[in-house]
Every structure is written in C-alpha cells, then in structure tokens.
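Asks: no sequence for this one, just the structure:
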C-alpha cells in the first residue's frame, strides 16, 4: 500500500476528503471470563511501574495501574495471542479476530480519563454464556445474551429490552450454498447474541484502502461488496421475516493511502482517526480482524470513534461468487458482514450458535452469513 497520507480535517468533522472522528473519552471494564469466576489482577500502586522494553502482558500492566505513572501510552499489550496498543487517557480499544478454527481471539483495553487501565477479556474465553463471565463491581462488561426458548421476544429478565421484539414464530433460515456443518440451532430460532459495549451514534464513515483488495476485486467491486455487507447490518437484513427497526447508518467516503491500524500479527496499533477497510498479511489462523475505538456515553453504550477492518489475503483466498466447486475459499461478503457486525457493536457468539453471522468462524465457501440470524437481529435491536 502507499505511504500514509492523512486527509485535511475541516471544522473538526470528516468529509470525503477529510475524515476521522475526534479522539474523546471512554470508560470500560475488566471481565475475566472463567466458568467458576475469577479474581481481577492485583492493582498496581503509583510507584510500582518499571516496564521492560518490548510487548507487555496483563501482568506487566495489571488492571488498576496508571498508564501515566507507568509511561505506558503507545506500548503494545498482548493477551492470548491478541494485542492492542495502549491509547491515551479517555480511550478504549478492542480487537476482534475471525479465526479459521472458530477459536475466540480478542480483548478490550480501556484507559479512564485519570489514566487508570482496565480490561475486558470476555472474547478470549470459548463457550461464553450470560452467566459465565465475572466482572469488576461498578464496571459494565460486554453484554452476552443466552438463548431462551421460552422468551419469544428474545428478552432476558433484568436486561434492557430491545427497541422492538421479534414478533411471532420465524421460519427456518433459507439454506445457503456451502452451509456450515453441524448447525446447532436454526438461524431464525436461535436468539443468542453478545454486544461489545459500543455503538455508532451518528454515521459510520469509512474509506477503502488503495492496495490490493480481497478476491483481487477492482476497487468499485470491492466497495460494492463492502457496502452490501455493511448495509446488511444497518438494515438488519435477514431471511427470517424480521422487520428492520435498526437505526444505524454508514457512508463510504473515498479511497485512501492510509492503512487499517492493524499489524501483521492482527494487533491494533495507534489509531489515525480514519476508518479504513483494506487487505494484507495477518496471523495465519486469522481470516479477518476488526479494531475499534470508542468513548463513554452517560447512560448508554460507548460511542464509536473509529473502526478499521483488514482481510488476510496473504494466507487465505476470498471470492465474491462461491461456486459448487469452491474449496478452502472464504465468501467475501459473509466475512465482511461479520466484521461489520463488530464495527456496529456486536461481539462473538460461541459454540452452539454456528447459524448466527457473529459466530466465531466464517465457514469456507458458505454464503450463509451474508444475512442475519435471529440473535444477530436482536443484538442490533438492543443497541439501536
């Protein structure tokens, strides 16, 4: 890709030649997902930091320590194969990777306005359910909704209701080519979803990288594929007969020489204020990665400020038109729809929910994730 050439910012608001959302404040949580519950890492005192060079771990920069006292802003923190760069105070960064084997791969690091660091590790533990993750009192971890066949409206007692229930019983989702094996629940029946604690309150404005694109598509074709995938999320498109009540919006701006702020190990680097979709080299077991940054909103989910998406074209093949002879190739629009779900605040659902677009694995040659399942729709309704 070309060297970064950032746009000019006009009036503090992005335009087609000038983009990016302003860095602002965010607060998040530490959530250690373990079946029997887990205790938070010990708090570090103001004088306890003496960080060694190189990548840091959660033991090096435990929850409760200060990124200011530790001079940790700009340092890379890794956990369970994922990594994020410590942002300035008031920012939260999340990494979510779609993997070949369906293993969960990602976490969130937040820095409060006073410099205190916290983590949400929920996305690194498989088989997540509503009752399986602990969290630090006073924090708000990712919301995970377990399916409840008795609740036809998809509402969990004690949780915030969706804007509108899914009415009536839904038909089974129409089969797609290359349907994923071992679907545990029909897509239009399974109501499981998870949210990441952020949403787009305005319009998600995004750029297309100027390098080689997935499936060797021309820029116009790649743009249309990505717009279609993003539109599936913003319009909550599904084959289940569920109405669209989601208010999310998006707008493509232009191509750019800037790259997604994601390195070859699928780790989030320092943000540049531009939401870029591109392709390149990621970890071999990763199909695509989304990095998102957000700030806190009183009484609601965090406000998305930037989200970058990269597809791993170094290790995996993509196609926009899977055929009956497809083998070991990923449907671009299915993967893109999954990543767009992360952009707009959906998190992974694990084993037993293979029929949902936000399942941790986008099955090779399958187009099923191009449209949403019941849980995907409910998750978006919970946010929008």
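Replies: Happy to help now that I have it. A quick note: this is a predicted structure, and the numbers were derived from the prediction, not measured.
Asks: let me see the contact set for the closest residue to residue 361 other than its chain neighbours.
Replies: Distances taken as C-beta to C-beta, 6 or more residues apart in numbering place residue 102 nearest to residue 361, at 3.4 Å, with adjacent residues excluded. Yep, even glycine has a C-beta here, placed from its N, CA and C like the rest. For residue 102, the residues meeting the contact criterion (C-beta atoms under 8 Å, 6 or more residues apart in numbering) are 350-351, 359-361.
Asks: so what pLDDT did residue 102 get?
Replies: Confidence per residue is given as pLDDT, and for residue 102 that number is 81.
Asks: hang on, residue 100 packs against residue 360?
Replies: No: counting by C-beta atoms under 8 Å, residue 360 is not a contact partner of residue 100; they are 10.2 Å apart.
Asks: looking at those two, which is more packed in?
Replies: With other C-beta atoms under 10 Å as the criterion, residue 100 and residue 360 differ in neighbour count, and residue 360 comes out ahead with 26 against 19.
Asks: picking that back up, dihedrals phi and psi, the residue nearest to residue 361?
Replies: Dihedral pair for residue 102: phi 80, psi 0, per degrees, to the nearest 10.
Asks: one more: residue 234?
Replies: Dihedral angles phi and psi of residue 234 (degrees, to the nearest 10) take the values phi -70, psi -30.
Asks: for the closest residue to it other than its chain neighbours, give me its contacts.
Replies: In this structure, residue 234 finds its nearest non-sequential neighbour in residue 248, 4.4 Å apart by C-beta to C-beta, 6+ apart. The contact partners of residue 248, taken as C-beta under 8 Å, 6+ apart, are 199-200, 204, 233-234, 344, 380, 383-384.
Asks: for residue 248, give its distance to residue 269.
Replies: In this structure, residue 248 lies at 26 Å from residue 269, with C-beta to C-beta, to the nearest Å as the measure.
Asks: show me what contacts the residue nearest to residue 376 when sequence neighbours are not counted?
Replies: Setting aside the residues directly before and after it, residue 376 is nearest to residue 357 in space (C-beta to C-beta, 6+ apart), at 4.8 Å. For residue 357, the contacting residues are 334, 337-338, 341, 369, 371-373, 376, by C-beta under 8 Å, 6+ apart.
Asks: go again with 10 Å.
Replies: Neighbour list for residue 357: 187, 229, 232-233, 238, 334, 337-338, 340-341, 346, 349, 368-373, 375-377, 379 [criterion: C-beta atoms under 10 Å, 6 or more residues apart in numbering].
Asks: can you give me the end-to-end distance of stretch 237-250?
Replies: With C-alpha to C-alpha, to the nearest Å applied, stretch 237-250 spans 15 Å between its terminal residues.
Asks: if you count neighbours, what's buried in that stretch?
Replies: 237-240, 242, 246, 248, 250 (16 or more other C-beta atoms under 10 Å).
Asks: make JSON lines out of the residues you listed and add secondary structure and pLDDT.
Replies: Output for the buried residues of stretch 237-250, formatted as JSON lines (DSSP: H, G, I helix; E, B strand; the rest coil; pLDDT from 0 to 100):
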{"residue": "237", "secondary structure": "coil", "pLDDT": "98"}
{"residue": "238", "secondary structure": "strand", "pLDDT": "96"}
{"residue": "239", "secondary structure": "coil", "pLDDT": "93"}
{"residue": "240", "secondary structure": "coil", "pLDDT": "93"}
{"residue": "242", "secondary structure": "coil", "pLDDT": "96"}
{"residue": "246", "secondary structure": "coil", "pLDDT": "98"}
{"residue": "248", "secondary structure": "coil", "pLDDT": "98"}
{"residue": "250", "secondary structure": "strand", "pLDDT": "98"}
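Asks: export the residues you listed to JSON lines and tack on distance to residue 327?
Replies: Output for those, formatted as JSON lines (distance: C-beta to C-beta, whole Å):
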{"residue": "237", "distance to residue 327": "27"}
{"residue": "238", "distance to residue 327": "28"}
{"residue": "239", "distance to residue 327": "25"}
{"residue": "240", "distance to residue 327": "29"}
{"residue": "242", "distance to residue 327": "33"}
{"residue": "246", "distance to residue 327": "35"}
{"residue": "248", "distance to residue 327": "35"}
{"residue": "250", "distance to residue 327": "32"}
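Asks: farthest pair in those residues?
Replies: With C-beta to C-beta as the measure, no two of the buried residues of stretch 237-250 lie farther apart than 240 and 250, at 22.2 Å.
Asks: ok so, going back, out of the buried residues of stretch 237-250, who's nearest residue 90?
Replies: Proximity of the buried residues of stretch 237-250 to residue 90, judged by C-beta to C-beta, is greatest for residue 248, which lies at 24.0 Å.
Asks: gap between the closest one and residue 294?
Replies: Taking C-beta to C-beta as the measure, residue 248 falls 14 Å from residue 294.
Asks: again, but for residue 80
Replies: Here residue 80 is placed at a distance of 21 Å from residue 294 (C-beta to C-beta).
Asks: between the two, point out the one with more neighbours.
Replies: In this view residue 80 and residue 294 are compared by other C-beta under 10 Å, and residue 294 has more residues nearby, 30 against 15.
Asks: packing partners for whichever strand or helix holds that one?
Replies: Element membership of residue 294, judged by DSSP states H and E, is strand 286-297. Identification of packing neighbours for strand 286-297 by 3 or more C-beta pairs under 10 Å, 6 or more residues apart in numbering; DSSP states H and E yields strand 82-85, strand 92-99, strand 106-111, strand 198-199, strand 276-280, strand 300-312, helix 332-343.
Asks: I'd like to know the beta-bridge partner residues of the residue nearest to residue 109 when sequence neighbours are not counted.
Replies: The shortest distance from residue 109 to any residue other than its chain neighbours is 5.0 Å, reached at residue 84 (C-beta to C-beta, 6+ apart). Beta bridges link residue 84 to residue 77, residue 268 when assigned by DSSP bridges.
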